[in-house]
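Engineer: Can you look at this prediction? I've put the sequence above it.
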Amino acid sequence: MRRLILPWVCAAAAVSAATAAPLVPQIISHDFSFGASEPASVPFYDPRGLDADHVTLLPDQNDREVTAFWEIWPVGGTPLPIFNALGQFGGDLEMYLQFDDEDAMPPHLEVSLTGSGRQEGADIRVWGAIPDLAIPFSLLIAIDVNAASLYGFGGESSFVLETLGTIVEVNPLLPGAGDLVGEPAASRGNIDFLALALPAGYHPLEFGELRADGGGYSGEVGRTPEPASVITLLLGALLSLRRRG
């Protein structure tokens, strides 16, 4: 069971104020959970020599990657299962990101890449059928990503991957669909490579010897609060902690 831990959020937000990563997104509704992957032949993570690194999840209506939808999150929501075009459990996650800079701060963040989406329009799309809402296989939500962050320890093959963006398209059969376009959104989770390891201080435009690799991204994507709401949430949590002290 996933839980929202406010003290951790506040501490992470303090780190975020000093550096572009982590982004620390907080999802509050229309949450889709996923576990998506691609083989090295796609590739999933492509260092691309001295150009911006790419992270790619290609569309496939038969993928089984997006597992559930929560209209309300993190408290009070009921998970609804998602299915692919064949009627099998799990929908599809499509994603196109690029990383072209770094802001690592050793020893805390030995690898810290910054980037954005790389498509015109939506960079993240969720596809699937939700029988409980009478939604056939179709596009469920699309997000235009304006900031992306990948960070962790050097020499590893697993990192945290977060994105921030704007909802640009919503399935009209989703609850509250009419109010979602233009709202802020985010993804957060863990990114894992099959064999690729990023060294401490890695910069996408300065390392040319790394090879593309397959891998996966597991986490969630959904709507986030407006920036002012985030600040209010964090201040309230900090005041609560201060009173307890």
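Structural biologist: Yep, that arrived. Numbers count the residues shown, from 1 in each chain.

Engineer: And for the residue lying closest to His203 once chain neighbours are set aside, the neighbour number?
Structural biologist: Distance criterion CB to CB, 6 or more residues apart in numbering; nearest residue to His203, sequence neighbours excluded, is Glu102 at 4.7 Å. Backbone N, C-alpha and C define where each C-beta goes, glycine included. Using other CB atoms under 10 Å, Glu102 is surrounded by 22 other residues.

Engineer: Thr166 now?
Structural biologist: Using other CB under 10 Å, Thr166 is surrounded by 15 other residues.

Engineer: Who is it paired with across the strands?
Structural biologist: According to DSSP bridges, the residues that bridge with Thr166 are Asp144, Pro184.

Engineer: ok, now how distant is it from Gly189?
Structural biologist: Using CB to CB, to the nearest Å, one gets 19 Å for the distance from Thr166 to Gly189.

Engineer: do the same with Tyr151
Structural biologist: 13 Å.

Engineer: Name the spans of the protein whose pLDDT lies under the cut-off.
Structural biologist: Where the chain drops to pLDDT under 70, the residues are 1-21, 228-245.

Engineer: who touches Tyr96 in this structure?
Structural biologist: Contact analysis of Tyr96 by CB atoms under 8 Å, 6 or more residues apart in numbering lists 54-57, 117-119, 123-124.

Engineer: In TSV, list those along with neighbour count, secondary structure and distance to Pro199.
Structural biologist: Below are these laid out as TSV (neighbours: other CB atoms under 10 Å; DSSP: H, G, I helix; E, B strand; the rest coil; distance: CB to CB, whole Å):
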residue	neighbour count	secondary structure	distance to Pro199
His54	20	strand	19
Val55	25	strand	18
Thr56	17	strand	22
Leu57	23	strand	24
Gly117	21	strand	25
Arg118	17	coil	24
Gln119	15	coil	29
Asp123	25	coil	27
Ile124	26	strand	28
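
Engineer: and the residues you listed as a markdown table, adding distance to Ile72?
Structural biologist: As requested, these are exported to a markdown table (distance: CB to CB, whole Å):
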| residue | distance to Ile72 |
| --- | --- |
| His54 | 34 |
| Val55 | 29 |
| Thr56 | 31 |
| Leu57 | 26 |
| Gly117 | 27 |
| Arg118 | 32 |
| Gln119 | 29 |
| Asp123 | 25 |
| Ile124 | 21 |
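
Engineer: quick one: contacts for the residue at minimal distance from the centre of the chain?
Structural biologist: Centroid-nearest residue in the chain, with CA atoms, centre = their mean: Ser187, separated by 2.4 Å. Shown in contact with Ser187 (CB under 8 Å, 6+ apart): 25, 95, 124, 143, 161-163, 219-221.
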